[in-house]
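# pasting a predicted model and its sequence here:
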Amino acid sequence: MHGRRDYLIRYVLDDSPVNGTIALTSGLVEDARVIHGTSPVATAALGRALTLAGVMGATLKDAGKVTFQIQCTGPLRSLVSQGNSRGEVRGYVSQPLIILPSRESGKLNVEEAVGVGSQLVVVKDLATQESTTGSVEVRHGGIAADLASYFVRSEQIPTACAAGVLVERDGTVLAAGGFLVHSPSGTPPEHIRRIEENISQLDQVSALVSSGLEVDGIAGLLFAGLSYHEVGRQELAYRCPCSRTRAERALMLLGRVELVKLIEGEGHGEISCPFCNEIYLFTREELERLSYLAEQSGERLKKRL
Ligand code: ZN
């Protein structure tokens, strides 16, 4: 166990619609690295995505969930990251072992790992309404800049966004964190200018975290010269809520025909969770029971239609 506590704090500026969220995520990114066995550049890509999913999830109402995914044109192939209103995040990349030369600056080359030209898709599931989906073309590949342009183009909210992960020589996570600042319409131009200026002076967010700054220290730099106050805080953790019951439901969704094929072919079933690598095994007898249940619920559905 890394023993690091991850959390975020939400802030608003006084007399202004500007709101921002800042997160420290070193512990959960290290958990993700251990679960997925990611290489340094994959850790950085996944870690940035998890950090921002955590930040976005925290802004949703009760039981809300946000997923963002990229079908990468780069060697990472695909990246999925999820966060919810309870501060739980999870995610995966389809090629966790990729190795790429670092950029000239010495930074891990997340931009090349992700690549450009594909779509960044954001799905918000809210308990009270239908899910909404938005997308934007990936033009940068560094994840935070593309997410910022998603907010600008898809939600029409001017947004500044950063996320960073520092990885040790041995591959473990030294520091991770990020922030998201929205400047909705009605924001005084001088507030936007001030925040842009502050951000341009700001060190990499992972460097700030590794220097020992806590969230309030980063807020002091981000909102320097402005008056602001805290509106909420939340702990963050890597957590996958998958279960055997959910795996059963996934098998039943295959339908009776597919289940019978599985029974006759392999004679057993296996569902593995891409978020935590848990494997759920099902014997022939269990598959037969699920196939029976799938048929029953199919019949019920037909009757209702
Ligand atoms: Zn899982």
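That came in fine, so what should we check first?

# and Ser200, how many residues sit next to it?
Residues within reach of Ser200, counting by other CB atoms under 10 Å, total 7. Yep, even glycine has a C-beta here, placed from its N, CA and C like the rest.

# what's the distance between it and Leu8?
From Ser200 over to Leu8 the distance is 23 Å, taken as CB to CB, to the nearest Å.

# again with Cys240
From Cys240 across to Leu8, the span is 19 Å (CB to CB).

# compare neighbour counts for those two and give me the winner.
In this view Cys240 and Leu8 are compared by other CB under 10 Å, and Leu8 has more residues nearby, 26 against 18.

# mind listing what the more buried one touches?
Thr21, Ile22, Ala23, Leu24, Gly54, Val55, Ala58, Gly87, Val215, Arg233, Gln234, Leu236 (CB atoms under 8 Å, 6 or more residues apart in numbering).

# who does it form a beta bridge with?
In this entry, Leu8 is beta-bridged to Ala23, Gln234, by DSSP bridges.

# where does pLDDT dip in this structure?
Across the chain, residues meeting the criterion (pLDDT under 70) sit at 1-3, 301-305.

# longest helix anywhere in it?
Assignment by DSSP state H gives helix 284-304 as the longest helix of the chain.

# and it, what's buried?
Glu286, Leu287, Leu290, Ser291, Ala294, Glu295 (16 or more other CB atoms under 10 Å).

# which residue packs closest to the first one, ignoring adjacent ones?
The reference is to Glu286. In space, not counting the residues next to it along the chain, Glu286 is nearest to Gly269; the distance is 7.6 Å by CB to CB, 6 or more residues apart in numbering.

# now the fourth one
Taking CB to CB, 6+ apart, and ignoring the residues beside it in sequence, Ser291 has Leu259 as its nearest neighbour in space, at 3.9 Å.

# what helix or strand does that neighbour sit in?
helix 256-265 (DSSP states H and E).

# show me what secondary structure element comes after that helix.
Counting by DSSP H and E, the next helix or strand C-terminal to helix 256-265 is strand 269-272.

# what are the contacting residues of that following strand?
With CB under 8 Å, 6+ apart as the criterion, strand 269-272 contacts Ala247, Ala250, Leu251, Leu259, Leu262, Glu278, Ile279, Tyr280, Leu281, Phe282, Glu286, Leu287.

# distance of the residue nearest to the fifth one when sequence neighbours are not counted from Gln95?
Nearest in space to Leu262, with sequence neighbours left out and distances taken as CB to CB, 6+ apart, is Gly269 at 5.5 Å. To Gln95, Gly269 is 26 Å away according to CB to CB.

# residues contacting Ser185?
Ser185 neighbours (CB under 8 Å, 6+ apart): Pro17, Gln156.

# if we can go back for a sec, of the contacts of Leu8, which is the most crowded?
Gly54 (33 neighbours).

# my read: that residue touches Arg90, true?
No - contact criterion CB atoms under 8 Å: Gly54 and Arg90 do not qualify, at 10.0 Å.

# for the ion, what's the nearest residue on the stretch 1-150 of the chain?
Arg90 (7.1 Å; CB to the ion).

# chain center to stretch 206-216: distance?
The chain centre lies 20 Å from the centre of stretch 206-216; the measure is CA atoms, centre = their mean, to the nearest Å.

# what's in contact with that stretch?
7-9, 22-24, 26, 164-166, 174-177, 202-203, 217-218, 221, 233.

# what's the following helix or strand after the strand or helix carrying Gly91?
For Gly91, the host element (DSSP H and E) is strand 88-93. Following strand 88-93 in sequence order, the next helix or strand is helix 110-114 (DSSP H and E).

# which helices and strands does that next one pack with?
When contacts are defined as 3 or more CB pairs under 8 Å, 6 or more residues apart in numbering; DSSP states H and E, helix 110-114 packs onto helix 40-58.

# then the helix it packs on to CSV, C-alphas only?
Provided in CSV are the C-alpha atoms of helix 40-58 (Å, rounded to 0.1, in the frame of the first residue of the first chain):
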residue,chain,number,x,y,z
PRO,A,40,5.7,4.7,-17.4
VAL,A,41,4.2,6.4,-20.5
ALA,A,42,1.0,4.3,-20.1
THR,A,43,0.9,5.2,-16.4
ALA,A,44,1.1,8.8,-17.2
ALA,A,45,-1.6,8.7,-19.9
LEU,A,46,-4.0,6.6,-17.7
GLY,A,47,-3.1,8.7,-14.6
ARG,A,48,-3.9,12.0,-16.3
ALA,A,49,-7.2,10.6,-17.5
LEU,A,50,-8.1,9.1,-14.1
THR,A,51,-7.3,12.4,-12.4
LEU,A,52,-9.6,14.4,-14.7
ALA,A,53,-12.3,11.8,-14.5
GLY,A,54,-12.2,12.1,-10.7
VAL,A,55,-12.4,15.9,-11.0
MET,A,56,-15.3,15.7,-13.5
GLY,A,57,-17.1,13.1,-11.5
ALA,A,58,-17.0,15.3,-8.4
